[in-house]
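Novice: Here is a sequence together with a model predicted from it:
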Amino acid sequence: MSYRVTVRFYEELNDFLRRDCRKRDIDFSFDGRRSVKDLVESFGVPHVEVDLVLVNGESVGFDYRLKDGDRVA
C-alpha cells in the first residue's frame, strides 16, 4: 500500500535537511508501513536530535506507525 504524509521540521533540525526542504511543508510518499523514527532518519535527521514529534497535533513516540494523510511535525 502507498502512503502520503506531510512533514515539517522546525528550528535547528532544518540544519540537517537539503536547502530545498528547509522551513517548509514537505509532501512525502512511500510504500509499506513506516515508523516516525524511520521517516525522520530518511531525511538525514538523527532521531536523537528530535525532542518532540507531533502527528496531527498530538504527541507520539518514535514507534508510531504512520497512516496515510498524517501531518508530522
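Specialist: Arrived safely, thanks for sending.
Novice: and the gap between L52 and S29?
Specialist: According to C-beta to C-beta, to the nearest Å, L52 stands 24 Å off from S29. Quick note: C-beta positions are derived from backbone N, CA and C, even for glycine.
Novice: swap that for D68, please
Specialist: From D68 over to S29 (counting by C-beta to C-beta), the distance is 10 Å.
Novice: Quickly list what's touching both of those two.
Specialist: 2-4 (C-beta atoms under 8 Å, 6 or more residues apart in numbering).
Novice: Can you tell me which of these are buried?
Specialist: Y3 (16 or more other C-beta atoms under 10 Å).
Novice: Turn the shared contacts of D68 and S29 into TSV, including secondary structure and distance to E58.
Specialist: Output for these, formatted as TSV (DSSP: H, G, I helix; E, B strand; the rest coil; distance: C-beta to C-beta, whole Å):
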residue	secondary structure	distance to E58
S2	strand	24
Y3	strand	18
R4	strand	19
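Novice: could you redo the shared contacts of D68 and S29 as CSV and give each row pLDDT and distance to G57?
Specialist: Converted to CSV, the shared contacts of D68 and S29 look like this (pLDDT from 0 to 100; distance: C-beta to C-beta, whole Å):
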residue, pLDDT, distance to G57
S2, 94, 24
Y3, 97, 19
R4, 97, 18
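Novice: Tell me who's in contact with the residue in the chain sticking out farthest from the centre.
Specialist: For the chain, the residue at maximal distance from the C-alpha centroid (C-alpha atoms, centre = their mean) is M1, at 18.5 Å. For M1, the contact set (C-beta under 8 Å, 6+ apart) comprises 31-32, 68.
Novice: By neighbour count, which of these wins?
Specialist: Neighbour counts for the contacts of M1 (other C-beta atoms under 10 Å) peak at D68, which has 10 neighbours.
Novice: So for it, what's the pLDDT?
Specialist: Model confidence at D68, given as pLDDT, is 97.
Novice: Give me the distance between the closest residue in space to it that isn't next to it in sequence and R19.
Specialist: Using C-beta to C-beta, 6 or more residues apart in numbering and skipping residues adjacent in sequence, the residue nearest D68 is Y3, 4.7 Å away. Remark: distance between Y3 and R19 (C-beta to C-beta) = 26 Å.
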